[in-house]
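Novice: Sequence and predicted structure are below.
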Amino acid sequence: QVYSKVADVSNLSSDQENVGKLYVTNIRVVWFSDKSDNYNVSVPYIQMKVIKIRKSKFGSALVIESSQRSGGYVLGFRAMPLERLQGIFKEIQSLYLVFSASPILGVDVTNVDLSVSY
């Protein structure tokens with residue numbers, strides 16, 4: 001389920017800004033470049049280690065660090081003004097906490113009592 005589609009969000013990798021769109025869903029955060037169809041980032045909440053806002057050479061940035069097991073990536077995103085960036089951060093943080101409490105892993109499990117009484 002997509003909760004937000006945010007335009008004009010810059011990916012700060014490779015020491016340059018690449019403008020694109022950020023999608024926030026119930027299971028992951030996805031960023032797509034506006035200029036290149038094959039340049040995108042998708043990070044499932046289950047692979048996130050840290051979500052924070054910190055200073056970068058481009059100004060304040062949303063930082064998502066993935067777990068070592070999933071590559072240990074540090075991803076930076078920028079959106080202006082700062083209040084907009086803070087809103088994106090709060091939404092991702094909230095959805096991360098909801099996901100962590102009850103992960104969606106693509107499998108539904110139903111317990112059935114198979115005991116037979118005579």
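Specialist: Nice, I can see it. These figures come from a predicted structure and were not determined experimentally.

Novice: Y96 touches Q47, doesn't it?
Specialist: No: judged on C-beta atoms under 8 Å, Y96 makes no contact with Q47 at a distance of 10.9 Å. For every residue, glycine as well, the C-beta is placed using N, CA and C.

Novice: Mind listing the residues bridging to the most centrally placed residue in the chain?
Specialist: Central residue check for the chain by C-alpha atoms, centre = their mean: the C-alpha nearest the mean position is that of V29, 2.9 Å away. When bridges are called by DSSP bridges, V29 pairs up with V24, V43.

Novice: Looking at it now. What's its pLDDT?
Specialist: pLDDT, V29: 98.

Novice: measure it to V41 for me?
Specialist: 8 Å (C-beta to C-beta, to the nearest Å).

Novice: what's the spacing between N40 and V63?
Specialist: N40 is 18 Å from V63, by C-beta to C-beta.

Novice: more neighbours, these two?
Specialist: V63 (18 against 14; other C-beta atoms under 10 Å).

Novice: Does anything pack onto the helix or strand hosting the more buried one? Which helices or strands?
Specialist: Using DSSP states H and E, V63 maps to strand 59-66. In terms of contacts (3 or more C-beta pairs under 8 Å, 6 or more residues apart in numbering; DSSP states H and E), strand 59-66 is packed against strand 48-56, strand 74-78, helix 82-101.
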